[in-house]
Each structure stands twice: as structure tokens, then as C-alpha cells.
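> Structure, please.
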Amino acid sequence: MTPAARLSAAIEVLDDVAGRRRPAADALKDWGLAHRFAGSGDRAAIASLVYDALRRRASAAWIMGEDTSRAVLVGMLRLQRGLAAPTIAELFSGERFAPPPLTGAERARLDAGSLADAPVHVAGDVPDWVLPSLKTALGDDLLPELRALARRAPLDLRVNTLKTDRDAVLAALPHLGAAATPHAPHGLRVPVGDDGRGPALHVEPEFLDGWFEIQDEGSQLAALLSGARPGETVVDLCAGGGGKTLALAAMMQNRGRLVASDGDPRRLAPIHERLRRAGAAAEVRTP
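Residues are numbered from 1 along each chain as shown. Presented below is the predicted three-dimensional model:
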């Protein structure tokens, strides 16, 4: 698929999300099933466009003066992807599979639209009802923090200290361009492409040997803040796929008793293989 055709597909998915009020993941899955010709790269690129548009929906709609799926996508390309108006116009050419050409009004909004006078919840792309709590927590840093949260999440790894250390993993994966995370002591951050796709980490020999897990730095810090220590009894009551359970097992050095449970037993399905690969000891119990 051409870049312009991917934009048309993203608009179609966004219309489905808005019209049927359904999760984006479901809309993307159905679109992929209905368009079998789209390869994995196409589907990933379309998903990246959709999620970027949803993250920047309020600010993109503000600069474009309307909140249609097309307007939000156009605004996102300028705000999130940093594309200039002429570049966006080339993509919206109206040619085969491309979205219809930009109107005069859309071109004017791309040239003149600004967030300078936008309310904080619009400029920060959050619902207005959360602002009081966020203002209390973030103070003068409110808008910069909101804008940071609107960006695409990074791809983070947690080194499994039951088997190795961060320096060893860095040395083993130079082709990934990884760097230490700013806060988590056992984390690594891996660059992703413009389409939001990261490297195929699941096929790396070090992953298969349990040297690292894919885990956001925030989740790593949440596990660390539990203060779990070797010899204690620890319960992960909302374990899900087991990411924090694995981190807790490493903190406890497999000494003590670690119980993983979840209100939905189906969410625990991946944990067994992850525990085996990581060499982590935990009891998996359904309520």
C-alpha cells in the first residue's frame, strides 16, 4: 500500500471507531480481516496513524476547526508527525486510493491553525474533567507533562536479573541501539521506527533465553516501589500476563513465596510460559 492509501484506510478505521463507538483495536482487526491484501507492515502503519490521531484528537481538531476523522488525521500529521502543509497536500491528492484533495479551508487551517489560544485540556489532549486533579499533582508542569503523555509510548525492556545484568544485555544487542532507561535501574529503551514498529524482539536469542522481558519503564518502577524482598510472601493480585510478577520474582531472587492471581483467569494464560522462560518461581492461582 502507498502512504496515501494507508491514510485512506486510517480514516476508514477512525470513522468506524467514532460511528460504532468501539475500541480501536477491534476496528483495526476487522479492517485487516476485510482487507487481506494489506501486509503486516501496512497494518502496523495504519494502526500507528490511528493511535496517533486518537492521542492528538482534541488538539488536531482544534487547529483544523472540526473533529471529523479526516480533519483529526490531517491535524495529527502536522502536530504529531511534523509534516508541512505541502507534504500533506501531496498525500491527499485524490489519486488512486488516496484521500480527496485538501480543500481551501483545510489548507488555510494547516497554515494558520495554532494551539496558542487553546484551553489546557485541548492543548494537552485530555478530558477537561481530569484537569483539577492533574493540576494539583503537576502544578506549573501541567501542560508540558500532558504533551509528553500525548506522545507515543517508548519501547522498554526489563533485564531479568535472575539470569544476567543490564551491561551484558547491552553488549549482546548492539544492533538494537538500546540505551539505559532514565529511571528504572534494570531497564533498556529501544528506538522504534516512524511507523511505530519496533524490532522483532521475540525472535532474539537473548529473549528466548529469558534475559529480558518487554515491559514499560512505569511498570518496572511500580514493581520496585512495592519494596518486595527475598524471603517475604508477596501477592500480585492483578497479575494479568505476569510482567510485574516476573519483576517481583527477580527482586525476591526466587526466595520466599510469590503468588500471582487475577480476577479474570483468562488473562493469566501467558504467565506460565513467561515464568518458565525467565526461570522465575511463582504460584499461579485463580480466585
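
> gap between the residue nearest to residue 138 when sequence neighbours are not counted and residue 221?
Nearest non-adjacent residue to residue 138, counting by Cβ to Cβ, 6 or more residues apart in numbering: residue 145, 5.0 Å away. C-beta coordinates here come from the backbone N, C-alpha and C atoms, glycine included. Residue 145 is 16 Å from residue 221, where distance means Cβ to Cβ, to the nearest Å.

> all helices in the stretch 51-200 of the chain, in order from the N-terminus.
Along the stretch 51-200 of the chain, counting by DSSP state H, counting those that start in this stretch, helices occupy 57-64, 69-79, 85-91, 104-112, 120-123, 131-138, 142-149, 166-172.

> Which among those helices is found nearest to residue 36?
Closest to residue 36 of these, according to Cβ to Cβ: helix 69-79, at 23.1 Å.

> Contacts for the closest one, please.
Helix 69-79 has contacts (Cβ atoms under 8 Å, 6 or more residues apart in numbering) with 7, 10-11, 14-15, 18, 49, 52-53, 56-57, 59-65, 83-85, 88, 91-92, 99, 102, 106, 109-110, 113, 115.

> average model confidence for that helix?
Regarding helix 69-79, the rounded mean pLDDT is 96.

> hmm, back to that, just put the helices of the stretch 51-200 of the chain in TSV and tack on mean neighbour count and distance to residue 286.
Below are these laid out as TSV (neighbours: other Cβ atoms under 10 Å; distance: least, Cβ to Cβ, whole Å):
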stretch	mean neighbour count	distance to residue 286
helix 57-64	23	38
helix 69-79	24	41
helix 85-91	15	49
helix 104-112	15	53
helix 120-123	17	41
helix 131-138	12	34
helix 142-149	15	34
helix 166-172	15	33
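
> would you list the ones you listed in a markdown table and tack on distance to residue 3?
Output for the helices of the stretch 51-200 of the chain, formatted as a markdown table (distance: least, Cβ to Cβ, whole Å):
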| stretch | distance to residue 3 |
| --- | --- |
| helix 57-64 | 18 |
| helix 69-79 | 11 |
| helix 85-91 | 6 |
| helix 104-112 | 17 |
| helix 120-123 | 28 |
| helix 131-138 | 35 |
| helix 142-149 | 26 |
| helix 166-172 | 34 |
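
> So for residue 30, which of these sits nearest?
Of all those, it is helix 69-79 that lies closest to residue 30, at 15.8 Å by Cβ to Cβ.

> I figured residue 153 was touching residue 216, is that so?
Yes. Using Cβ atoms under 8 Å, residue 153 is in contact with residue 216, at 6.6 Å.

> those strands in the protein, which residues are they?
With DSSP state E applied, the chain shows strands at 155-159, 179-180, 187-190, 212-214, 233-236, 257-260, 283-284, listed in chain order.

> for those strands, which one ends up most surrounded?
strand 155-159 (a mean of 25; mean count of other Cβ atoms under 10 Å).

> Sheet partners, orientation included, of it?
strand 187-190 (antiparallel), strand 212-214 (antiparallel) (DSSP bridges).

> what is the mean pLDDT for it?
Mean pLDDT, computed over strand 155-159, is 96.
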